[in-house]
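Chemist: any chance you can model this:
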Amino acid sequence: MVFWEGYVSDELMGTFAPIVIYWLYAGMYQLLPPLDRFRLHTRKEEKLKNLVPLSSVVKGVLLQQLVQATIAQLLFLATSDANSSGIQVQPPVLVQLMQIIVAMIVMDTWQYFVHRYMHQNKFLYRHIHSQHHRLVVPYAIGALYNHPLEGLLLDTFGGAISFLLAGMTARTAVYFFSFAVIKTVDDHCGLWLPGNIFHIIFQNNTAYHDIHHQLQGAKFNYSQPFFSIWDKLLGTYMPYNLVIRQEGGFEARPLKH
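Modeler: So this is what the prediction gives:
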């Protein structure tokens, strides 16, 4: 029994919960005080280095989410095994956890290779992936700021493949995609906050992804959003030190590769 049962379907929840959570979680970061002593880049750097205004970022994210919502509804419609009463049989919790772990691995694998290829192919980088790197200094709301084609290939298709290969129900998908969205937003938040559970559990975190957005790290740390397995296996992992800047805040400083 879940709180939305009887109000909206699992399919509808799986489609729109990640979108609502994205704006709530990213909005929370946007509304926080400056917190300069926890920032990976100064606010001055954010204003000087980023090549796209916030209004364009918001429009780009909304466009990607519109496409995601449309495909999610089609995917749930095509895979629904609900009985005549409209109620899906849910697997045991342990099975759902295993499905989520499988989906995490599948999503990481898909995104690593597509993401890496978009950097290695000069045409794709120049015309597609470079849009995301207009945010040289990432921030939370820009986590899903991509070229529409990249959003479709990297995130939407990646999510669909993860869902299908893991064999999860729409209800399990609510949990998985909501978690994936929170993790992705956190990876782009630009803040190294004490006690952040994602920084404690995952090596692939805010600082890890910040390295990738830096010039010297653009061909490294492709893995997202969960693990760093593929970077380490295929030689694209760039280690770093997290140092305290004299003017306040932190800096993820790449080590020699």
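Chemist: what's the residue closest to the geometric middle of this structure?
Modeler: Centrality entry for the chain: nearest residue to the mean C-alpha point is Thr184, 2.6 Å, by C-alpha atoms, centre = their mean.
Chemist: can you pull the contacts of it?
Modeler: Taking C-beta atoms under 8 Å, 6 or more residues apart in numbering, we find Thr184 in contact with 143-144, 224-225. To be clear about C-beta, it is placed using only N, CA and C from the backbone, and glycine gets the same treatment.
Chemist: just send those residues back as a markdown table, with distance to Trp110 and pLDDT too.
Modeler: Formatted as a markdown table, the contacts of Thr184 follow (distance: C-beta to C-beta, whole Å; pLDDT from 0 to 100):
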| residue | distance to Trp110 | pLDDT |
| --- | --- | --- |
| Ala143 | 17 | 97 |
| Leu144 | 16 | 97 |
| Gln224 | 10 | 94 |
| Pro225 | 11 | 95 |
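Chemist: which of those lies closest to Pro92?
Modeler: Checking the contacts of Thr184 against Pro92 with C-beta to C-beta, the nearest one is Pro225 at 26.2 Å.
Chemist: host element of the closest one?
Modeler: Pro225 is part of no helix or strand when elements are defined by DSSP states H and E.
Chemist: Leu255 reaches Tyr237, doesn't it?
Modeler: No - with contact defined as C-beta atoms under 8 Å, Leu255 does not count as touching Tyr237 (10.6 Å).
Chemist: how much space separates the residue nearest to the centre of the chain from Ile244?
Modeler: Thr184 sits 27 Å away from Ile244, going by C-beta to C-beta, to the nearest Å.
Chemist: could you do Phe3 as well?
Modeler: 42 Å.
Chemist: repeat for Asn121
Modeler: 38 Å.
Chemist: before we move on, what about Ala160?
Modeler: From Ala160 to Ile244 the distance is 42 Å (C-beta to C-beta).
Chemist: which one's more surrounded, those two?
Modeler: Just comparing Ala160 and Ile244: by other C-beta atoms under 10 Å the higher neighbour count belongs to Ala160, 17 against 10.
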